[in-house]
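**Q** Could you work out the structure for the sequence below:
(one chain, ligands or ions: 3)
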Amino acid sequence: MNGYRDLRVALLGCGSVGAQVARLIIENGDELAARIGARLTLAGIAVRDLESKRDVELPRDLFTTDAERLVQGADIVIELMGGIEPARGLILQALQGGADVVTANKALIAAHGPELAAAAEQVGAQLSYEAAVAGAIPIIRPLRESLAGDHITRVMGIVNGSTNYILDRMDRFGDSADDAMRVASELGFLEADPTLDVEGYDAAQKATILASIAFHTNVPVDAVHREGITTVTADQIEAAKHAGYVVKLLAIAERLTAADGTDGVSARVYPALIGRDHPLAAVHGGKNAVFVEAEAAGELMFYGAGAGGSETASAVLGDVVSAARRHVVGGPGISGSRHAELPILSVGEVSTAYQIMLEVRDQPGVLAAIAGTLAEHGVSAASVEQPVSHQADGRARLVIGTHRAREADLAATVDALRGSDVVLEVTSVLRLEGEA
Ligand SMILES: NC(=O)c1ccc[n+]([C@@H]2O[C@H](COP(=O)([O-])OP(=O)(O)OC[C@H]3O[C@@H](n4cnc5c(N)ncnc54)[C@H](O)[C@@H]3O)[C@@H](O)[C@H]2O)c1
Ligand SMILES: N[C@@H](CCO)C(=O)O
Ligand code: NA
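**A** Ligands and ions are numbered 1, 2, ... in the order given. Okay, the predicted model is just below:
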């Protein structure tokens, strides 16, 4: 197609996502040119090893091991190498040279987002990372642009596919935690270091990014309260099911008012109960979804593939097209706004309902003693159940559902229950999210 100017695109990394991005740029070149009004010309692909076997057949003359040189003179740089360095240095080099940058690197954006955004703003370049959170699902752009005129109150996401796969197997097929983890590992769903998934680090990186954008505030990753799924038991999943809930690993970013009246932001990742009729309960297998609540828009749900080479490449290409259009029309790129600078509140300020499971002495007066302990700490019981299936040898199980309580009050209640003569063991404490 004639008449279009060329935009020089440098691709850094040619793994699962990078190879698919290269394929789409080459295969869809004419149509992309028509949509953009300029042609994306792949100037080169930086790789570690020129001879490596690739998922996709690509022209070999595009490959180079000299990433720094490739970045020079590029209009758009796509970073899909992962990791902190050299990705960070190359992105800074690209931005300082005036290029727009597209990345899928959640670890880098979570750790160095403000530094990279400042470098982009300094030269009016655009830094975008739609693929860094929930893969193919459009969520960064909706939060940053589509909802820019609204007030977001809460963002609650299933943003880690492998842990959702594990919890879903436990819920639907009655797998033990170990069995579900083994299947997820065999299917290649887990990161090379599975701790990143199962201890919630990956979800915490995504929570940082979501909270920062939703609330126009820099929310550092170490301010995210993080609990993984390694403590979740088949017993908890069964009790949740019985009570009409499902256990999901949730990344939550929320506007909160603390007990002292401070308005702030809470960012947290933990396994929590949600009602089986909540839209997030229908997110099965390795899928992701983000549930957004905003003052004017109400409830919105974004659902789809959170990972996968071609799926993630779709989000990357969306950002590339947006950057390319900016080159055509001119003007500065959309920047990450941080003007609100809200304080980050501790998890102790969060208020949710809870489900507490206890092993107690099966004797008269136990219920009254436990009700007394709850009341002393200002926690009110909404339901108490004593399942006959868990009664033996003078022991009984109690499953207590509470009304909403502050996390700090609930923690004090649980400590007091642990110290109580009638309680043999506190076997489970799970938060209940997604209720009005
Ligand atoms: N795979 C997914 O489904 C997915 C989803 C969302 C986000 N991401 C993110 O996308 C990025 C890429 O992920 P991926 O799955 O394609 O990883 P990958 O490991 O398949 O690919 C990364 C590639 O970059 C190359 N590389 C690393 N350092 C390099 C260097 N210094 N110079 C040249 N090449 C280098 C590696 O050799 C590898 O081929 C990561 O930041 C990841 O977190 C991936
Ligand atoms: N390990 C991540 C990959 C996508 O970021 C997941 O399980 O969702
Ligand atoms: Na996304």
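**Q** Residue in the protein with the shortest distance to ligand 1?
**A** Gly15 (1.8 Å; C-beta to the nearest ligand atom). Glycine gets a C-beta too; all of them are placed from N, C-alpha and C.
**Q** and the lowest-mean-pLDDT helix or strand in the chain, what does it pack onto?
**A** Scoring the helices and strands of the chain by mean pLDDT, DSSP states H and E places strand 391-392 at the bottom, with a mean of 76. Packed against strand 391-392, as judged by 3 or more C-beta pairs under 8 Å, 6 or more residues apart in numbering; DSSP states H and E, are no other helices or strands.
**Q** So what does the residue of the chain positioned farthest from its centre look like in phi/psi?
**A** What lies farthest from the middle of the chain is Pro364; by C-alpha atoms, centre = their mean that is 46.4 Å. When read as degrees, to the nearest 10, the backbone of Pro364 gives phi -60, psi 150.
**Q** circling back: which neighbours does the least confident helix or strand of the chain have in its sheet, and in what orientation?
**A** strand 395-402 (antiparallel) (DSSP bridges).
**Q** how about the residues of the stretch 51-200 of the chain near ligand 1?
**A** 67, 80-82, 86, 104-106, 131, 135 (C-beta under 6 Å from any ligand atom).
**Q** Buried subset of these as a ChimeraX selection?
**A** Buried members of those, defined by 16 or more other C-beta atoms under 10 Å, are picked up in ChimeraX with:
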select :67,80,81,82,104,105,106,131,135
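**Q** what would the residues of the stretch 51-200 of the chain next to ligand 1 look like in a markdown table with pLDDT, distance to ligand 2 and secondary structure?
**A** Output for those, formatted as a markdown table (pLDDT from 0 to 100; distance: C-beta to the nearest ligand atom, whole Å; DSSP: H, G, I helix; E, B strand; the rest coil):
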| residue | pLDDT | distance to ligand 2 | secondary structure |
| --- | --- | --- | --- |
| Ala67 | 98 | 23 | helix |
| Leu80 | 98 | 13 | coil |
| Met81 | 98 | 15 | coil |
| Gly82 | 97 | 10 | coil |
| Pro86 | 98 | 21 | coil |
| Ala104 | 98 | 8 | coil |
| Asn105 | 98 | 10 | coil |
| Lys106 | 98 | 6 | helix |
| Ala131 | 98 | 9 | helix |
| Gly135 | 97 | 6 | coil |
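**Q** got a markdown table for the residues of the stretch 51-200 of the chain next to ligand 1, with distance to ligand 3 too?
**A** Rendered in a markdown table, the data for those read as follows (distance: C-beta to the ion, whole Å):
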| residue | distance to ligand 3 |
| --- | --- |
| Ala67 | 25 |
| Leu80 | 14 |
| Met81 | 19 |
| Gly82 | 16 |
| Pro86 | 24 |
| Ala104 | 9 |
| Asn105 | 13 |
| Lys106 | 10 |
| Ala131 | 6 |
| Gly135 | 6 |
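**Q** Go through the residues of the stretch 51-200 of the chain next to ligand 1 and say which is closest to Ala239.
**A** Gly135 (31.8 Å; C-beta to C-beta).
**Q** Please verify my assumption that that closest one contacts Ala307.
**A** Yes: using C-beta atoms under 8 Å, Gly135 is in contact with Ala307, at 4.9 Å.
**Q** any residues in contact with both of these two?
**A** Residues touching both Gly135 and Ala307 (C-beta atoms under 8 Å, 6 or more residues apart in numbering) are 161, 288.
**Q** Tell me the buried residues in the lengthiest helix in the chain?
**A** Under DSSP state H, the helix in the chain containing the largest number of residues is helix 309-329. For helix 309-329, the neighbour count (16+ other C-beta under 10 Å) marks 309-324, 326-327 as buried.
**Q** near ligand 3, from those residues?
**A** Ala315 (C-beta under 5 Å from the ion).
**Q** Now tell me what touches stretch 57-68 from outside.
**A** Against stretch 57-68 from outside (C-beta under 8 Å, 6+ apart): 12, 14, 19, 22-23, 26, 42, 44-50, 70, 86, 90, 93.
**Q** returning to what we had before: so how far is the helix or strand following the longest helix of the chain off the chain centroid?
**A** With elements assigned by DSSP states H and E, the helix or strand that comes after helix 309-329 is strand 351-361. In terms of C-alpha atoms, centre = their mean, to the nearest Å, the centre of strand 351-361 is found 27 Å from the chain centre.
**Q** So which bits of the stretch 151-300 of the chain are right by ligand 2?
**A** Residues of the stretch 151-300 of the chain lying near ligand 2 (C-beta under 6 Å from any ligand atom): 160-162, 191, 197, 202.
**Q** Generate a PyMOL selection restricted to the buried subset of those.
**A** A single PyMOL command selects the buried members of those (16+ other C-beta under 10 Å):
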select buried, resi 160+161+162+197+202
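**Q** circling back: so which of the buried residues of helix 309-329 would count as near ligand 1 as well?
**A** Thr312.
**Q** Tell me which residues touch the residue of the stretch 251-400 of the chain at minimum distance from ligand 3, please.
**A** Nearest residue of the stretch 251-400 of the chain to ligand 3 (C-beta to the ion) works out as Ala315 at 4.7 Å. Taking C-beta under 8 Å, 6+ apart, we find Ala315 in contact with 104, 130-131, 135-138.
**Q** Can you verify Met170 is assigned to a helix?
**A** Yes: Met170: assigned to a helix according to DSSP: H, G, I helix; E, B strand; the rest coil.
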